[in-house]
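S.K.: Compute the structure for the input listed below.
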Amino acid sequence: MKKIPKVYCASIATETNTFSPLKTNMKSFKETFFAKPNYHPKTPTLCSALFPLLRKRKSNGEIKLIEGTATWAEPGGLIDSKTWNDLKKLILKEIKNAGKLDIVLLGLHGAMIAKNCVDCEGDLVKNIRKIVGPNVVIGATFDPHSHLSKKFITNTNILTVFKEFPHTDFVETAKNCINLSLKTFNKKIKPRISLFDVKMMTILPTSKEPMRSFVDKIKNLEKDKSILSISIIHGFMAGNSPDLGAKVLVITDNDTNYGNNLSFELGMKLFKLRKKLGPKTYSVNKSLIKAKNLFKNNKKPVLIADIWDNPGGGVAGDSTVLIKKALSMKLKNIALGTIWDPEAVRLCHEAGEKAIINLSFGGKISPTEKPIKKNVLVKKIVKNTFQKFGKSLVPMGDCACITFNNIEIVLNSNRCQTFSTDVFEKLGIEIANKNILIVKSTNHFYNSFHPHVSNIVYASVNGIYPNNPKKNKYTKLKRKIWPIFSDPHGLVNKNENKKR
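M.R.: Next up is the predicted model:
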């Protein structure tokens, strides 16, 4: 008789910007998303898509499910030591209380760093392995903007990573993790992990070439029965981690040599594309001029992505640099979403819709910026609203739309990046009627906005986010990676030796 596996599932996730002045503590997790065991919502979150999928498996009689805690904090600064210790102890206690397990599945991010732990995910799975022993299958999902350590790989059987950026495939990634973990338990496969260090750090958006074709090639390679999964770790440049940078992960069915060769081949191909991978960016002034000129020849609005003041990268999301420049250039018919300013939102809600108030907003976190002070019309206020990201709902908190000088701005109380057109539409802004849209996001906005805009301009506002690996003070990094080193693989010397 076939044994029904007993599965424990949990999720602890955040993305740590170790250079950010923002604090990440237990309050950060509980305010953003904190579901106690058996209270995970029906809809998946980015890092906890395992839960609703496993419930379906349970209802089909395929597994016995023990649901653990699921929590997510909006990206921010270092996690304080007590918070990390408490979260880790919580998960370990749940696993101990679950009794004999067959599979442990974890929805993680991969870039969590605490004051007392530089590799939170690796530390967690090492301690889990000590409890469950060598024979229990441990599977996990990662965000590609992560730091993958040998400690993590050593203690894990299965790791699947979102292939897409924007991360539109997080549910599919969780499904693959579950399938491979169950097959491992049932001894249908023998997963062997191969990891190649690409030794580079850059942005890898899959919505554009050459990354689009690279990911399509990986998906095609996965049709080979001996390949169970292929993943690309992009790395997270705002994390002071010894494991910083891109990596290629190949999981084969008991064929380590093939996995090693393939991960090397793919990794070196990716490295050769390094200078073409990131989006072309423009300064504040040039991005606005370009957007203005592009709109003249189009009926649809032009979108400017403020890629570095992106709360999804652990910064505040309250910069006013772009909108101040737009005001000085006397540009009109602009919508910006969002500026994080809970106090300004509160004042708008107290004043009510159609009120005209003197408001100070934005620019309150960065020491180099000052807030904008304007008489504004409170066009619309909304309580406890959400924006969609795929099947996930992202809380924006209480929000307000203010307008002045033919400019509309969405203020939000829950710090989050722009994922979808909901940011504007739920606040009564008709994006089709705008000349220019400004969003704070690196690339997660893409799928939702792309059909509604004529062009996308990526603006680089320096000083907000540690966006230059050459200048970032990585005290933990001991490996050579590009662009800090021009030739981390020693290719120049190898080529010279070949010529000789």
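S.K.: State the helix or strand in which N179 lies.
M.R.: Applying DSSP states H and E as the criterion places N179 in helix 170-185.
S.K.: So what's the gap between stretch 474-487 and the chain middle?
M.R.: 22 Å (C-alpha atoms, centre = their mean, to the nearest Å).
S.K.: Kindly check the end-to-end length of it for me.
M.R.: End-to-end span of stretch 474-487 (C-alpha to C-alpha, to the nearest Å): 18 Å.
S.K.: Any chance you could list what contacts that stretch?
M.R.: Residues from elsewhere that reach stretch 474-487 (C-beta atoms under 8 Å, 6 or more residues apart in numbering): 118, 197, 199-202, 240-242, 244-245, 271, 274, 469-470, 488, 493. Every residue, glycine included, has its C-beta placed from N, CA and C.
S.K.: which of the residues you listed count as buried?
M.R.: 118, 197, 199-202, 240-241, 244-245, 271, 274, 469, 488 (16 or more other C-beta atoms under 10 Å).
S.K.: Just the helices from the stretch 401-500 of the chain, written as ranges.
M.R.: With DSSP state H, counting those that start in this stretch as the criterion, the stretch 401-500 of the chain has helices at 422-425, 446-449, 491-499.
S.K.: Pop the domain breakdown of the protein in here.
M.R.: 6-277, 281-459 (automatic domain parsing).
S.K.: Dump those into CSV; add mean pLDDT and distance to T475 as well.
M.R.: Below are the domains of the chain laid out as CSV (pLDDT from 0 to 100; distance: least, C-beta to C-beta, whole Å):
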stretch, mean pLDDT, distance to T475
domain 6-277, 97, 6
domain 281-459, 96, 18
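S.K.: possible to save the ones you listed as CSV with distance to R479?
M.R.: Formatted as CSV, the domains of the chain follow (distance: least, C-beta to C-beta, whole Å):
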stretch, distance to R479
domain 6-277, 7
domain 281-459, 22
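S.K.: which one's the longest strand in the chain?
M.R.: strand 372-389 (DSSP state E).
S.K.: what helices or strands is it leaning on?
M.R.: Applying 3 or more C-beta pairs under 8 Å, 6 or more residues apart in numbering; DSSP states H and E, we find strand 372-389 packed against helix 342-351, strand 356-361, strand 392-404, helix 422-425.
S.K.: Select, out of those, the one closest to E172.
M.R.: Of all the helices and strands packed on strand 372-389, strand 392-404 sits nearest to E172, with 13.2 Å by C-beta to C-beta.
S.K.: List the buried residues of the closest one.
M.R.: 392-403.
S.K.: list the contacts for A351?
M.R.: Residues near A351 by C-beta under 8 Å, 6+ apart: 357, 378.
S.K.: for P75, same thing?
M.R.: 14-17, 311-314.
S.K.: same check, this time on F19
M.R.: Residues in contact with F19 (C-beta under 8 Å, 6+ apart) are 238, 240, 466, 472.
S.K.: Check T16 too.
M.R.: 24, 75-79, 111-114, 239, 314.
S.K.: what about it, distance to D398?
M.R.: 26 Å (C-beta to C-beta, to the nearest Å).
S.K.: Could you do N406 as well?
M.R.: Distance from N406 to D398, by C-beta to C-beta: 25 Å.
S.K.: same thing with K190?
M.R.: K190 is 52 Å from D398, by C-beta to C-beta.
S.K.: now the helices and strands packed on strand 372-389 in TSV, with distance to K30?
M.R.: Converted to TSV, the helices and strands packed on strand 372-389 look like this (distance: least, C-beta to C-beta, whole Å):
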stretch	distance to K30
helix 342-351	16
strand 356-361	26
strand 392-404	12
helix 422-425	24
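S.K.: Select only the buried ones of the contacts of T16 in PyMOL?
M.R.: With 16+ other C-beta under 10 Å as the criterion, this PyMOL line picks the buried residues out of the contacts of T16:
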select buried, resi 24+75+76+77+78+79+111+112+113+114+239+314
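S.K.: What is the nearest of the contacts of T16 to D255?
M.R.: The closest of these, once distances to D255 are taken by C-beta to C-beta, is A111, at 29.8 Å.
S.K.: what about the closest one, distance to L148?
M.R.: Taken as C-beta to C-beta, the span from A111 to L148 is 10 Å.
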